[in-house]
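Visitor: Output the structure for:
(one chain, ligands or ions: 1)
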Amino acid sequence: MKNNKKILVVDDTEVNIEILLNLLDETYDVFVALDGQTALDIVDECTPDLILLDITMPDMDGYEVCKKLKANKKTKDIHILFITAKTDEDSIEKAYDVGGSDYITKPFRPKELLARVNRELQLQDLKRELKFLASTDPMTKLYNRRYFGKISDHILDLAIREKKDLALIMLDIDKFKNINDTYGHQIGDDVIIELSNKLKEQQRKSDIACRYGGEEFVILLPETSLDGAMIVAQKLKREIEQINIKISSSQNLQFTASFGVSEVYIEKEKNLEPSLKRADNALYEAKESGRNKVCFEI
Ligand SMILES: [Mg+2]
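Guide: Numbering: from 1, shown residues only. Prediction:
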């Protein structure tokens, strides 16, 4: 039976490709390339889970292909298993140096190759899971604060480089302590989860929403001006007002949130601290002046 893993086989010798295809085709979706450039093009299109890569090829050898993949943020995590007739120590060392995960020499035993392929795929699954766990808030499945800090640096760099707008929304559930005290923590959790689902549903593809603290959230909005972020925040405010949480057959809970909006001054700010501070001040103002409001600070 096939699983949904994609494997790219790269070898300039057709007969080798055929052998590997026969071995793997039953279990995996296999793509093939007879040269390095074609391999890179295919990777761009299909993002394989694993690449079996021949070292000796004309024009661009396997090392070169591997280096290019490792230098690209989009492809650097794809595992590469070198398959080659080279058995000297230098070649093996170089295979690891350029970023290969493992190495198998031709002629290989089919069962060994399958076992190694399987192991690489399992390792990659594990890595992905770890990465997900490390970056995600378990309750809401939004990004956690730690990951937000990491990715926001990249987004700020990009905004600076491309001279694009960048804005921030900070929001906080109103009277959250009251909700917990009145209805219990389970309902409090439901409120946080429902609000998070609303953020996920409403966010544009490039927006980064994170759970910043207990009942506090931050959204980073690339290519968005202060005015644009105000509109997004106003819409979110209305959407959150519409959320209904069933407490009992006769009782529903509704709640609101307050919002602070700021823009990032990309010409002079090297990190998000100042804009987070402004958003936080604006959020404070929204709370102080009655809650369920959107305020901004310039
Ligand atoms: Mg070859």
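Visitor: Can you give me the neighbour number for the residue of the stretch 151-298 of the chain found nearest the ion?
Guide: Residue nearest to the ion within the stretch 151-298 of the chain: His154 (37.2 Å; Cβ to the ion). For glycine as for every other residue, the C-beta is placed from the backbone atoms N, C-alpha and C. The tally of other residues near His154 (other Cβ atoms under 10 Å) stands at 11.
Visitor: just the one 3 residues further on next, same as before
Guide: Applying other Cβ under 10 Å, we find 12 residues neighbouring Asp157.
Visitor: Could you look up the SS state of it?
Guide: The three-state assignment at Asp157 reads helix, by DSSP: H, G, I helix; E, B strand; the rest coil.
Visitor: now the strands: where do they sit in the stretch 151-298 of the chain?
Guide: 166-173, 208-211, 216-222, 245-248, 251-253, 257-263, 294-296 (DSSP state E, counting those that start in this stretch).
Visitor: Which neighbouring elements make contact with the second one?
Guide: In this case it means strand 208-211. Judged by 3 or more Cβ pairs under 8 Å, 6 or more residues apart in numbering; DSSP states H and E, strand 208-211 is in contact with helix 145-162, helix 185-202, strand 216-222.
Visitor: helices or strands next to the longest helix seen in the chain in the packing?
Guide: Looking across the chain with DSSP state H, the single longest helix is helix 110-135. Counting contacts by 3+ Cβ pairs under 8 Å, 6+ apart, helix 110-135 is packed against helix 14-24, strand 50-54, strand 79-84, strand 102-105, helix 145-162.
Visitor: Pipe the helices and strands packed on strand 208-211 into TSV and attach mean pLDDT per row.
Guide: Output for the helices and strands packed on strand 208-211, formatted as TSV (pLDDT from 0 to 100):
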stretch	mean pLDDT
helix 145-162	90
helix 185-202	96
strand 216-222	97
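Visitor: Dump those into CSV; add distance to Ser250 as well.
Guide: Shown next, in CSV, are the helices and strands packed on strand 208-211 (distance: least, Cβ to Cβ, whole Å):
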stretch, distance to Ser250
helix 145-162, 38
helix 185-202, 15
strand 216-222, 30
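Visitor: and the ones you listed, which is most packed in?
Guide: Among those, ranked by average contacts under mean count of other Cβ atoms under 10 Å, first place goes to strand 216-222 (a mean of 24).
Visitor: between that strand and strand 166-173, how many degrees?
Guide: 160 degrees (axes from the mean of the first three to the mean of the last three Cα atoms, to 10 degrees).
Visitor: Renumber starting at 159 from here on
Guide: Okay, residue one is now 159; in that scheme the one you just asked about reads as strand 374-380.
Visitor: Each with direction, which strands does strand 374-380 pair with?
Guide: strand 324-331 (antiparallel), strand 366-369 (antiparallel) (DSSP bridges).
Visitor: which of those sits most buried?
Guide: strand 324-331 (a mean of 25).
Visitor: pLDDT on it, on average?
Guide: For strand 324-331, the mean pLDDT works out to 98.
Visitor: same check, this time on stretch 443-456
Guide: 97.
Visitor: what do you get for stretch 234-250?
Guide: So the average pLDDT for stretch 234-250 ends up being 91.
Visitor: Pull out the buried positions in it.
Guide: 236-242, 244, 249-250 (16 or more other Cβ atoms under 10 Å).
Visitor: so Glu222 makes contact with Gly194?
Guide: Yes - the pair Glu222 / Gly194 is scored as a contact, 6.2 Å apart, by Cβ atoms under 8 Å.
Visitor: wait, what's in contact with Ala191?
Guide: Shown here is Ala191, whose contacts under the criterion Cβ atoms under 8 Å, 6 or more residues apart in numbering are 166-168, 197, 199-200.
Visitor: ignore the last one, Ala273
Guide: With Cβ under 8 Å, 6+ apart, Ala273 has no contacts at all.
Visitor: So what does Lys321 look like in phi/psi?
Guide: phi 50, psi 50 (degrees, to the nearest 10).
Visitor: how deep is it tucked in, by neighbour count?
Guide: 8.
Visitor: Not counting its neighbours along the chain, what's nearest Asp212?
Guide: Spatially, and ignoring its direct neighbours in sequence, Asp212 is nearest to Asp169 (4.0 Å; Cβ to Cβ, 6 or more residues apart in numbering).
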